[in-house]
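Chemist: Pasting the sequence and the predicted coordinates here, then a few questions.
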Amino acid sequence: MKALFKFLGLNKEPPETETQHKEGSSKFPKFDYKLEFLKALDKRSTSKLFGLNNYWEARYRDLLGDLSGIIKKLKSDNLLEVSLVEEALTIPELKKILADNNLSTSGSKVVLATRVFESVKNKNYLINRESFYKITQKGKEQIKSYRDQFDNEYCNFLHLQASLFAKCNIKEFESNHFRVKDAFPDQRSLGRTSNTFSGKTQKILAYLIKGRRFLYKWDIEEGMQAKLRSAIALRSVNFNNNEAFLNESLKDLTLSGFRIFAEKSTTKLLTNTELLQYAIEFEHNYLWNLYTLEELKEISKSESRSKMCIGVQILNDGCECQNQFGVEKFLWKDFKSVPVLPRTASCRCLYNAFREE
């Protein structure tokens with residue numbers, strides 16, 4: 001990491017670690033794997049559990065051990081229960097069965113399913129149906145209490161990370177990131193062995209540290225610019241900027257001008273939090289595409305690869321640009337005419353290598 005920043009002209013050495021975090025430190029959000037597992041079990045089949053997706057079953061076995069024992073304990077603690085098989089039917093299906101048997105069709109789904117179970121003798125409706133796990137009210141309350149606590153810890157962690165990034169303490173910023181990622185139940189995006197940011201992420205962080213200009217012309221003072229850059233940095237390393245963090249960290253960001261800009265490309269009325277998310281995503285996409293464009297230029301300098309990469313193509317990724325601009329391909333001789341992305345607040349176009357067919 002130090003070598004990269006030196007190469008990019010960032011000669012300022014990051015300060016020494018400001019805090020020595022012990023295991024279990026309150027500065028880090030803590031996962032309750034039992035309650036994470038309980039949450040994941042809701043509406044899962046009692047026979048297939050996670051179905052064809054065997055990832056989660058293996059992951060939770062790594063975290064908790066014998067899952068059958070955990071499920072038994074969750075049930076004995078009145079946090080989890082097994083549904084009536086009838087609850088696998090839809091409400092219209094339940095009502096039809098009841099109507100066909102001259103029974104009342106009023107009540108909640110559980111009431112309807114119980115009535116079918118108790119009063120309908122012909123059980124043909126059970127063919128290809130099976131019961132599933134469902135969380136009890138007590139379980140829901142425990143999950144909510146845990147999530148509320150976790151969200152508070154997570155918000156504090158984001159503030160810590162934003163502060164470290166603002167002070168260019170990249171070493172601890174990165175270390176903290178992977179400490180939390182390592183504890184995250186879903187390790188698929190982490191690749192399990194990774195303990196450093198990707199080259200693209202490092203470059204985007206370098207853009208932000210060096211004060212690369214924003215794409216939108218923000219009329220904000222330097223301190224707020226630093227907070228915005230920190231929020232974009234957190235987005236670039238794939239940590240969610242949760243609502244509480246955004247509203248606390250960027251509460252003084254002037255959004256009136258950006259709202260006008262954003263609402264030109266969406267018919268949706270945006271809340272302040274949604275607008276902040278739009279702004280962060282817009283600026284992050286700009287840096288992402290800036291790096292991609294520079295990367296493609298480097299590829300073009302390689303004699304062996306330049307024969308394949310003859311220019312830049314703009315790929316549509318779910319926005320309306322394709323209808324407005326059509327297929328956009330630019331040879332290297334036309335490079336100066338390549339538009340800056342994103343073009344609007346909702347533009348999701350990406351640069352890609354234009355290769356000879």
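Modeler: Good, I have the coordinates. Small disclaimer: the values here were computed from a predicted structure and weren't measured.
Chemist: So which helix or strand of the protein has the lowest pLDDT on average?
Modeler: Ranked by mean pLDDT, DSSP states H and E, the weakest helix or strand in the chain is helix 2-7, scoring a mean of 43.
Chemist: Quick one: mean pLDDT over the next helix or strand after that one.
Modeler: With elements assigned by DSSP states H and E, the helix or strand that comes after helix 2-7 is helix 33-41. Per-region confidence: helix 33-41 scores 97 on mean pLDDT.
Chemist: Residues contacting helix 33-41, please?
Modeler: 49-50, 56, 60, 63-64, 67, 70-71, 74, 79-80, 133, 135, 139, 142-143, 146, 185 (Cβ atoms under 8 Å, 6 or more residues apart in numbering). For the C-beta atoms, the positions are set from N, CA and C on the backbone; glycine is no exception.
Chemist: which SS state does residue 103 fall under?
Modeler: Classification of residue 103 using DSSP: H, G, I helix; E, B strand; the rest coil returns coil.
Chemist: give me every residue that touches it.
Modeler: Applying Cβ under 8 Å, 6+ apart, the residues near residue 103 are 115, 119, 120.
Chemist: what's the neighbour count on the last one?
Modeler: Applying the criterion other Cβ atoms under 10 Å, we find 17 residues in the vicinity of residue 120.
Chemist: Also the first one?
Modeler: Counted by other Cβ under 10 Å, the residues lying close to residue 115 total 20.
Chemist: and the host helix or strand of it, what other elements does it pack with?
Modeler: Here residue 115, judged by DSSP H and E, is contained in helix 109-119. When contacts are defined as 3 or more Cβ pairs under 8 Å, 6 or more residues apart in numbering; DSSP states H and E, helix 109-119 sits against helix 91-100.
Chemist: Identify the residue spatially nearest to residue 356, adjacent ones excluded.
Modeler: Among residues not flanking residue 356 along the chain, residue 310 sits closest, at 5.6 Å (Cβ to Cβ, 6 or more residues apart in numbering).
Chemist: That neighbour: what secondary structure?
Modeler: Going by three-state DSSP: residue 310 is strand.
Chemist: Would you mind measuring from it to residue 354?
Modeler: Per Cβ to Cβ, to the nearest Å, residue 310 is found 6 Å from residue 354.
Chemist: residues in contact with the most far-flung residue of the chain relative to its centre?
Modeler: For the chain, the residue at maximal distance from the C-alpha centroid (Cα atoms, centre = their mean) is residue 102, at 48.8 Å. For residue 102, no contacting residues are found, by Cβ under 8 Å, 6+ apart.
Chemist: List phi and psi for it.
Modeler: Main-chain dihedrals, residue 102, degrees, to the nearest 10: phi 60, psi 40.
Chemist: Low-confidence ranges, the stretch 101-250 of the chain, go.
Modeler: Counting by pLDDT under 70, the stretch 101-250 of the chain contains low-confidence residues at 189-193, 239-241.
Chemist: The stretch 201-350 of the chain: strands as residue ranges?
Modeler: 309-315, 328-331, 350-355 (DSSP state E, counting those that start in this stretch).
Chemist: Show me which of those has the highest average neighbour count.
Modeler: strand 309-315 (a mean of 19; mean count of other Cβ atoms under 10 Å).
Chemist: Can you tell me the closest non-neighbouring residue to residue 42?
Modeler: residue 135 (4.9 Å).
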